[in-house]
Structure formats: structure tokens, C-alpha cells
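Trainee: give me coordinates for this.
(one chain, ligands or ions: 1)
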Amino acid sequence: MTERRVRFTDMLRLASGHRGTVVVAVGLTLAGSGLGLAQPLVAKQAIDAASGGSAVWPMLAGLAGLFLAEATLGALARFLLERMGERIVLGLRRSLVCNLLRLRMRVYDEYRTGDLISRVTTDTTVLRDVTAQALVELATGGLTAVAAVALMLWLDPVLLLMVAFTVAGAAVVVSSLLAGIRLAGERTQAAIGVVAADLERALSAMRMVRANRAERREADRIGERLDSACTAGVRTAKLASVMSSAVELAVQGSFLIVLVVGGMRVAGDAASLGELVAFLLYASYLVVPLSTVFRSIGLIQKGMGALVRITEAMDLPIERDPPPVRSPEPGDAPALELRDVWFGYRERPVLRGLRLTVPRRGQVALVGRSGAGKSTVLALVARFYDPESGEIRFDGQLADALGRDECRRRVAIVDQSAHAVHGSLWDNLTYAVPGADPGEVARVIGLTSLDEVVARMPGGLAGSISDRGGTLSAGERQRVAIARALLTRPSLLLLDEPTSHLDALTEADLARVLAAAAGECALLVIAHRLATVRHADQIVVLDGGVAAATGTHEELLGHSALYRRLVASQALAAPDVTRGKV
Ligand SMILES: Nc1ncnc2c1ncn2[C@@H]1O[C@H](COP(=O)(O)OP(=O)(O)OP(=O)(O)O)[C@@H](O)[C@H]1O
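Mentor: Numbers count the residues shown, from 1 in each chain. Sure thing, here's the model as predicted:
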């Protein structure tokens, strides 16, 4: 992640859309404080009235009214602030979610899912507390302090100067700690992000964890991350307590100085006792809000650690189309054409000038050694990545002219993981076409031989399958994925054939399904199985980043030594009739 700094003003900007609420909340808090200040005066009057023998109840009623009004204003201000905090966080979370779902594919390769998730959940929660509390404390504390300074200046500038010295001392201590608090806050949030990422890693591979008896190791690993989060949290606590002690000292020191110096001046008749008492009172009005200001600055620094991570996530590059280019007229062009395509993930090139053509109907199979770049071809065609050079054309039109969305509308992709989402079988089938016609759904169910699965599911199409397709076998999940793809009526179906999910029977089924699909659209299949290449109209052998040989199964057996090696080495597996369904 690139180093990103946020400033104090970035924090303030969060509340910029809520100025009205801040003003009202600050007003209510100040009015509440004003009512609080009036209470001793009324209490004094009540006591005077009682000792003078006059009626006390009007004063007591007034006092009760003041208490109630102060409590009501306080509650209202707190509610407004909490609501503002929630709304700020809602806005942030919405923007973050939108951004995280639209990132460039390369970014997902680079960052860990759990860490990205924790930016939407944990970091924003930290920010909510800061915005709801600290920002307004800063404003109310600051305003009260300014008013108190003005009154003290009017009463006794010399004593004010002394109070100012102690407060300045505390300010020096506080500001020397701020960077540390901020760093510790950043470390805590980053450590929590790593915890989330490691937990996600373990939970998403739970079967692998269990099968390898790695629960303890995973727990220890996450435990270490939790330790780092705790260490960073303790460091924040250490710095924060030094800070509050410094502020406390400044408060006590101020009172002491005012008492000693003021007392000496009263003794020397330089000031009246009344002035000293008033000054002491105003000193308390100054130092208490100032300590609130210091505390909220500390809190804001802590929140900045979270804001750094949120801003970083917001700044991650999202998928954008390059500027549109003019494209030749489609004419009678093939469904897909790759011309001299070069591409590599980092420095190392995977495709080196690949040429590939997929006609509008029929099946093209892509074969090659493991790591030859077959999935990469599919990823480029699905526009997950952009080629470094060369052209991709859909129906004769340049991909850049069509735009990513239009390219993906024409293409359907079924990858090896054949995802299923939590929900009903119907939801899973119609994921890409939410309002699909039931007749169409029935058609693709028939095409993909899913009738038996529908009949078996409790509740049929409305029956629920859990996350990652827990109640479907891998082969069934793949057929659901193909049905889902066919429902979009794509002009090109991309299929990454699984190596091991299909038994001989299902393999024959799949061959039928693919043949049916190839009658409806163009089909580009990464083939790992002999049955698939045998049925393909054309096979492309990928090697060294180029199409090393092209032809039918028989043709390639005749003229491609690499293809013969692939067939012989079981890289293109023959069906294993002894293997059961997984
Ligand atoms: N997201 C990625 N980031 C970095 N390198 C990658 C990424 N995906 C693939 N590669 C690398 O690119 C090369 C081609 O990978 P690709 O998955 O396209 O091969 P493949 O022919 O589909 O392999 P297999 O048959 O084993 O699935 C490999 O060396 C792989 O390590």
C-alpha cells in the first residue's frame, strides 16, 4: 500500500457536509453549559432565601427546571452527534464498498481480502467515535476556552499570562506525544486488518485447515497478530495516559499559581478578594475546556490512523475504460479475435504476441502445459486485465471501442471455482439475469442436465444452497455455473474446464452440454480432458506465450509433437471410470 498521509483538515472535512448539525450540537452544548453555570447562582439564592425566611420553592423549582433543561439539551446534543457520526460512517462505508467492488483486478491480486474488509468495518467504526465525540468536544471546548481567555484578559492580564505558561507547557507535552499516538493508532488499525485477513484466509480454506490439522497453527498465527494489535493498543494507552497526566498537571498548576500569586497580590492590596475568586472561577472555565480540547486532539490523532487506511482504500485505482477508439465496422467477423497480444502480470511476459480466432459458432479448445497462460487468455478476454499491446476484437469490434461493460455483456465466463452464492437454486441460476423468464430457466436447466438436481433439492428451484455451494457437488456446481452463463445468451462462452470434478458419466454430460452451447454461441474452452478436445472444432496449443499449433485432434496428433506429449503425459486426461463423483 502506498504511503498516504492525512492531515487534520481531512478529518474536519469529514463533517463538512454536516455543518448544520455541528452548529446546532455546539449551540446546545454551550447552552447546556450556560444552564449548568447558572445553577450555583440559583442555589445560592435559595440558601439566602431560606436563611432570610422567605419562600424557597420558586428557587427550588427554578433549580429543578435548570437541571431538567440542561439534561434535555445534553441528551439532544449527544443524539445529534451520534446520528451525525453514524451518517458520516454510512457515507464512508457506501463509498468504500462501491470502490472496493470496482477496483482494477491487479489490485485484488495485491491486497488481502480480509484487510480490505476491515477497512469498511473496523476502521470506519473507530472514525465514527472520533467524529461523533472528538470533533464537537474540540469545537465546544475551544469556544468556551476563548470566552474564558477574553474574560480573564479583561480581569487580570498578569495572572492570565501565568496560566497561559502552564497551559503552554502542557501543550508542548501534548504536541510531542501526538505523532506517537497517531502512529500507534495506525499500527493498531493495521494489525487488526492483518488479523481480519488471516482469519479470512483460515475460514475460507476451512476444509484444507481441518484436513491438515492446522487449526492450532492458524490460531497461533492469528494470536501473534492479535498480540501486535494489543501491543500497539497498549502503546496508545501509555501515550494517552502521559498526555492526560500532563493536562491534569497543567490544570492543578494553573490553580496553584493563581492562588499563590493572586493571594500575594490580595495580601499586598494589589487586587481585591472578589477579583481573585472571580479569576479562579474563570481559570477553571479555561482549563477544563482546554483539557477537553487536548483530549479530543489525542482522540482525533488516534482516528487519523483509521482515516489513513480508509483514504488509502478510497485511492486504490478502480477499473476504467481507456479513451474510446474508432473501431472498424463489424461485417462478418469472428466472435473473438486476439491479434499480437502481449501481456505479463509483473515484469515476466506470459503472452508474447498471441494470435487466436474463435468463430461465431463452434468450440475452440485451448490446451497447453500448466502455467502456459490459458487462464490468462480467458482473463484478458473477460477484460479483467488489459493487454500491454495488441488487439482484442469482439465480433470484429475493438474491445477498447466497445468498453468493458459491453465486452462483458457479450461474454459469459465459467471458471474452475464455479462459484455459488448463498441463496436459492433459482437465485444462483438467475444471478446474471435477475428477472429471467421461467421458460428460459427451464431451457438452460434442460441443456445442462440439471433436472435431476432440481427434483432432488428440497423445495426444488426455491431450495437453498449455502455459501460456496455447500449442498451441491463440484460437478453440479459447475453445471449450475454453465446454466447461469447460458441464461445471459452470450455471444461467447468462456469455460475453464475443471480437471478433476467430473466423473466419466458427467464428462459425457458435459460434452453434450458444451456441444449444445456451441450451437448457440461461440465457445472457448480451456481443455484439460481428452473428451473435450476430441469434440472441439479447433484446438489451439499454447506454448511460450504464442499459439504454437492449431488444428483438430487428429491433425495435431499428426503435426504437433507438443500436443502428442500433452496427450501422452496425461496433461489431457482420459476419463477415469473408476472414480466416483466428488
Ligand atoms: N494473478 C496473477 N498474478 C501474478 N502471476 C500470475 C497470476 N495469474 C497467473 N500468473 C502467472 O502467469 C502464468 C500463467 O498462468 P495461467 O494461470 O494463465 O496458466 P494456465 O496455463 O492456465 O495454468 P494451469 O493449466 O495450471 O491452470 C503462470 O506462471 C502464473 O504463475
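
Trainee: right, and the helix or strand after the host helix or strand of residue 58?
Mentor: Assigned by DSSP states H and E, residue 58 belongs to helix 57-101. The helix or strand immediately downstream of helix 57-101 is helix 105-110, counting by DSSP H and E.

Trainee: next, the buried residues of that following helix.
Mentor: Within helix 105-110, the residues scored as buried using 16 or more other CB atoms under 10 Å are residue 107. In this view, the C-beta of every residue, glycine as well, is placed from N, C-alpha and C.

Trainee: how many neighbours does the residue in the stretch 201-350 of the chain positioned nearest to the ligand have?
Mentor: As assessed by CB to the nearest ligand atom, the ligand sits closest to residue 345 within the stretch 201-350 of the chain, at 3.3 Å. Burial of residue 345, expressed as a neighbour count using other CB atoms under 10 Å, amounts to 12.

Trainee: excluding sequence neighbours, find me the nearest residue to it.
Mentor: residue 109 (7.3 Å; CB to CB, 6 or more residues apart in numbering).

Trainee: got it, and residue 313?
Mentor: Distances taken as CB to CB, 6+ apart put residue 119 closest to residue 313, at 4.5 Å, once the chain neighbours are dropped.

Trainee: around the ligand, pick out the residues from the chain.
Mentor: Residues of the chain lying close to the ligand (CB under 6 Å from any ligand atom) are 109, 345, 350, 368, 370-376.

Trainee: among the residues you listed, which are in strands?
Mentor: Applying DSSP state E to the residues of the chain next to the ligand, the entries found in strands are 350, 368.

Trainee: among the residues of the chain next to the ligand, name the buried ones.
Mentor: With neighbours counted by 16+ other CB under 10 Å, the residues of the chain next to the ligand contain buried members at 350, 368, 372-374, 376.

Trainee: can you lay out the residues you listed as TSV showing pLDDT?
Mentor: Below are those laid out as TSV (pLDDT from 0 to 100):
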residue	pLDDT
350	95
368	92
372	92
373	93
374	93
376	94
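
Trainee: which one of those residues is nearest residue 527?
Mentor: Proximity of those to residue 527 (CB to CB) peaks at residue 374, which lies at 8.7 Å.

Trainee: which stretches of the stretch 51-200 of the chain have low pLDDT?
Mentor: Nowhere does the stretch 51-200 of the chain drop to pLDDT under 70.

Trainee: with the stretch 351-500 of the chain instead?
Mentor: Residues of the stretch 351-500 of the chain meeting the criterion pLDDT under 70: 466-470, 498-500.

Trainee: can you list contacts of stretch 174-181?
Mentor: 235-236, 239-240, 242-243, 246-247, 294, 297-298, 301-302 (CB atoms under 8 Å, 6 or more residues apart in numbering).

Trainee: for ChimeraX, write a command that selects the buried ones of these.
Mentor: Applying 16+ other CB under 10 Å to the contacts of stretch 174-181, the buried members can be selected in ChimeraX as follows:
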select :235,236,239,240,242,243,246,247,294,297,298,301,302
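
Trainee: so which of the contacts of stretch 174-181 are in helices?
Mentor: Secondary structure assignment by DSSP state H places 235-236, 239-240, 242-243, 246-247, 294, 297-298, 301-302 of these in helices.

Trainee: now do the host helix or strand of residue 43 and helix 57-101, the angle between them.
Mentor: Taking DSSP H and E as the criterion, residue 43 maps to helix 19-52. Calculated by axes from the mean of the first three to the mean of the last three CA atoms, to 10 degrees, helix 19-52 forms an angle of 160 degrees with helix 57-101.

Trainee: count the residues that sit near the closest residue to residue 97 other than its chain neighbours.
Mentor: Leaving aside its sequence neighbours, residue 97 sits nearest to residue 120 (CB to CB, 6+ apart; 6.1 Å). Residue crowding around residue 120 was assessed by other CB under 10 Å; the count is 20.

Trainee: and the strands in this structure?
Mentor: According to DSSP E, the chain carries its strands in the segments 336-344, 349-358, 362-368, 389-394, 397-398, 411-414, 423-424, 464-465, 492-496, 522-526, 538-543, 546-551.

Trainee: of all the ones you listed, which lies closest to residue 76?
Mentor: Among the strands of the chain, strand 423-424 comes nearest to residue 76, with 42.7 Å by CB to CB.

Trainee: got a list of contacts for the closest one?
Mentor: Here strand 423-424 makes contact (CB under 8 Å, 6+ apart) with 459, 461-465.
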